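Visitor: just to be clear, the model below is a prediction. Sequence and coordinates:
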Amino acid sequence: MANITIEIVTDGNIEQCRDLCNELMAFQKSKATIAPEAFDSMNFDTRLKSSFKRSLHSQLVVVKDDEKPVGYVFSTIDRVSDGDKSYIPDWAPVKIGEKVVGLYPDWDDLPEKVGCLSQLYFRDEYRGMGLGSKLIGMAMEWLGSFPDCDLAFVYISNGNDDAYDLYLRKGFVYSHDVFGGFIKAACHRFKNDKEDIKMGKNYDVMNIGTFKGNLAEKGRVMARQKLNLTGSEISFNYTPSGQYTPFVHAHKLNEEVYIVVSGSGKFMVDGEEFAIQEGSIIRVAPAGERAIKAENEDLVYICIQAQAGSLTQATNDDGIILESKASWMES
Ligand code: ZN
């Protein structure tokens, strides 16, 4: 058997994936440990067809065996309005009034247009043929071809750990938990010239511009999703003189280190307040109830968060001196 062809659907015939989409929803339900019943309202009509209509652009790639559809990948480019950020669909297993992150993360700099690798499925008997990689590759190529869209999400329903691992291997990084973990979202950032991000095999480099120019304008730049950081989150913050974050916060797992680059202000932990200025470095344990304020001068600070207790070796224990040389070293 196996006379496999892969076709990009250009005639709008999405109906050919009706059965496959319904199978995917049933498969996700069978894997789910959180609210499997929520999948009962998901089917071809509510998921693929509605999304195909609603999105700015969409691409459906179908795998056929002897002209019969056996798998597909469906991707979209969507506009994210403010309403979308807090939107909770009917099927979301969320209690009324519960505050959860939805389909989109609560980043300050979430772009207006985002890509989504929405659905990937092929039947069991076609596993082990590299179809998953091939389809993800085609979806990513299409998503990356939009010059005004540099970020793509993929949503993995709970319990589908194999799929999550596959996406991580394909260059996605964890983004956020949707509806309290019912869905896990991962993201991938495409090369973006205007933000000056460069990606290499073993590195990512970005330039956020000058602190007093570019950062002052933006207020905050988060580095994790731009640099694909896997062990920490780093934010660069500019708080004008006299201003402050209007709430006190703590963390569940992460220890934070605040590094004051310039300016001066006040810091509070668990009700205790102290002055900070250029050169102040403050570690706060996850449970610490913290707040920060700029006083007489604008405050520029970097905040690094990483899971408390996760560091098991550092510097001399972890570093390896190598024989290779940089061009500026004498050989
Ligand atoms: Zn924090």
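Guide: Looks like it came in fine. What you see is a predicted model, and the numbers here were worked out from it, not measured in a lab.

Visitor: what is the neighbour count of the closest residue to residue 258 other than its chain neighbours?
Guide: In space, and not counting its chain neighbours, residue 258 is closest to residue 282: 4.5 Å by Cβ to Cβ, 6 or more residues apart in numbering. Backbone N, C-alpha and C define where each C-beta goes, glycine included. Each residue near residue 282 was counted by other Cβ atoms under 10 Å, and the total is 18.

Visitor: I'd say residue 282 and residue 266 touch.
Guide: No: counting by Cβ atoms under 8 Å, residue 282 does not reach residue 266; the two are 11.3 Å apart.

Visitor: pull the residues that contact whichever helix or strand residue 132 is part of.
Guide: Secondary structure from DSSP states H and E places residue 132 in helix 131-143. Identification of contacts with helix 131-143 by Cβ atoms under 8 Å, 6 or more residues apart in numbering yields 4, 6, 8, 59, 61, 63, 71-73, 75, 77, 115-117, 120, 122, 149, 152, 166-167, 170-171, 188, 190.

Visitor: show me what the one helix or strand residue 266 maps to is packed against.
Guide: In the assignment (DSSP H and E), residue 266 maps to strand 264-269. Where contact means 3 or more Cβ pairs under 8 Å, 6 or more residues apart in numbering; DSSP states H and E, strand 264-269 is packed against strand 272-277, strand 281-284, strand 290-294.

Visitor: for the shortest one, buried residues please.
Guide: Within strand 281-284, the residues that count as buried by 16 or more other Cβ atoms under 10 Å are 282, 284.

Visitor: quick one: strands adjacent to that strand?
Guide: Partner strands and pairing direction for strand 281-284 (DSSP bridges) are strand 254-262 (antiparallel).

Visitor: strand 264-269 and the strand it pairs with, what's the angle between them?
Guide: Following axes from the mean of the first three to the mean of the last three Cα atoms, to 10 degrees, one obtains 160 degrees for the angle between strand 254-262 and strand 264-269.

Visitor: let me know the angle separating strand 254-262 from strand 290-294.
Guide: 10 degrees.

Visitor: which parts of strand 254-262 are buried?
Guide: Counting neighbours by 16+ other Cβ under 10 Å, strand 254-262 gives 254, 255, 256, 258, 260, 261 as buried.

Visitor: stretch 215-232 too?
Guide: Buried residues in stretch 215-232, counted by 16+ other Cβ under 10 Å: 215, 221, 222, 223, 224, 225, 226, 227, 228, 229, 232.

Visitor: got a list of what the fourth one touches?
Guide: Neighbouring residues of residue 223 by Cβ under 8 Å, 6+ apart: 206, 208, 229, 233, 234, 235, 236.

Visitor: can you flag the buried ones in those?
Guide: Looks like the contacts of residue 223 have 206, 229, 234, 235, 236 buried, using 16+ other Cβ under 10 Å.

Visitor: where along the chain do the helices fall?
Guide: If DSSP state H is used as the criterion, the helices of the chain fall at 18-31, 50-54, 82-86, 131-143, 161-169, 216-218, 224-227.

Visitor: what sits against the residue nearest to residue 258?
Guide: The contact partners of residue 282, by Cβ under 8 Å, 6+ apart, come to 257, 258, 267, 269, 276.

Visitor: kindly reformat these as a markdown table containing pLDDT and distance to residue 247.
Guide: Below are the contacts of residue 282 laid out as a markdown table (pLDDT from 0 to 100; distance: Cβ to Cβ, whole Å):
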| residue | pLDDT | distance to residue 247 |
| --- | --- | --- |
| 257 | 98 | 20 |
| 258 | 98 | 16 |
| 267 | 98 | 15 |
| 269 | 98 | 14 |
| 276 | 97 | 18 |
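
Visitor: for the buried ones among the contacts of residue 223, which one is nearest residue 177?
Guide: Among those, residue 229 lies closest to residue 177 (Cβ to Cβ), at 17.4 Å.

Visitor: how far away is the closest one from residue 305?
Guide: 10 Å (Cβ to Cβ, to the nearest Å).

Visitor: same deal with residue 108?
Guide: Separation of residue 108 from residue 305 (Cβ to Cβ): 15 Å.

Visitor: counting neighbours, what do you get for residue 94?
Guide: Using other Cβ under 10 Å, the number of residues around residue 94 comes to 18.

Visitor: rewinding a little: quick check: buried residues in the helix holding residue 132?
Guide: Buried positions in helix 131-143, judged by neighbour count with 16+ other Cβ under 10 Å: 131, 132, 134, 135, 136, 138, 139, 140, 142, 143.
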